[in-house]
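# turn this into a model:
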Amino acid sequence: MADERSSKLLITFVVFLVLFNYPLLSIVDQKTLILGFPSLYFYMFLVWALMIFVIARIVRQRKKKP
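Model (predicted):
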């Protein structure tokens, strides 16, 4: 079970590393406002909140009963 969690957390790390890296940030960095916030700030907050949610779901998984 720990190996499964570790692999899921590693995959999650890589996915969010890509989401917070330069090419995607430059695409989002526009002069538009979303709900009154610059699109880059909105994107960063949304991805950050999603990252916390996904990691919490992975860490709190219970063992499946056979």
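# tell me which stretches of this structure form helices.
Counting by DSSP state H, the chain forms helices over residues 2-19, 22-28, 39-59, given from the N-terminal end onward.
# can you pull the contacts of residue 42?
Remark: with contacts taken as Cβ atoms under 8 Å, 6 or more residues apart in numbering, residue 42 is in contact with 34, 35. To be clear about C-beta, it is placed using only N, CA and C from the backbone, and glycine gets the same treatment.
# could you dump the helices of the chain to a markdown table with mean pLDDT?
Compiled in a markdown table, the helices of the chain are given as follows (pLDDT from 0 to 100):
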| stretch | mean pLDDT |
| --- | --- |
| helix 2-19 | 93 |
| helix 22-28 | 94 |
| helix 39-59 | 96 |
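# quick check: closest non-adjacent residue to the residue nearest to the spatial centre of the chain.
The geometric centre of the chain, computed from its C-alpha atoms, lies nearest to residue 51 (Cα atoms, centre = their mean), at 3.2 Å. Distances taken as Cβ to Cβ, 6 or more residues apart in numbering place residue 16 nearest to residue 51, at 4.9 Å, with adjacent residues excluded.
# and what of residue 32?
If you skip the residues right next to it in sequence, residue 32 has residue 39 as its closest partner in space, 5.0 Å away by Cβ to Cβ, 6+ apart.
# residues contacting the one you found?
28, 29, 30, 32, 33.
# any idea of the pLDDT on the fourth one?
Looking back up the chat, that one is residue 32. Predicted confidence (pLDDT) at residue 32: the value is 93.
# what about it, neighbour count?
In terms of burial, residue 32 registers 10 neighbours under the definition other Cβ atoms under 10 Å.
# so what's residue 47 closest to, chain neighbours aside?
In this structure, residue 47 finds its nearest non-sequential neighbour in residue 19, 5.1 Å apart by Cβ to Cβ, 6+ apart.
# for that neighbour, give its distance to residue 7.
Distance, residue 19 to residue 7, by Cβ to Cβ, to the nearest Å: 19 Å.
# the more surrounded of the two?
In terms of neighbours (other Cβ under 10 Å), residue 19 is the more surrounded of residue 19 and residue 7; the figures are 17 against 11.
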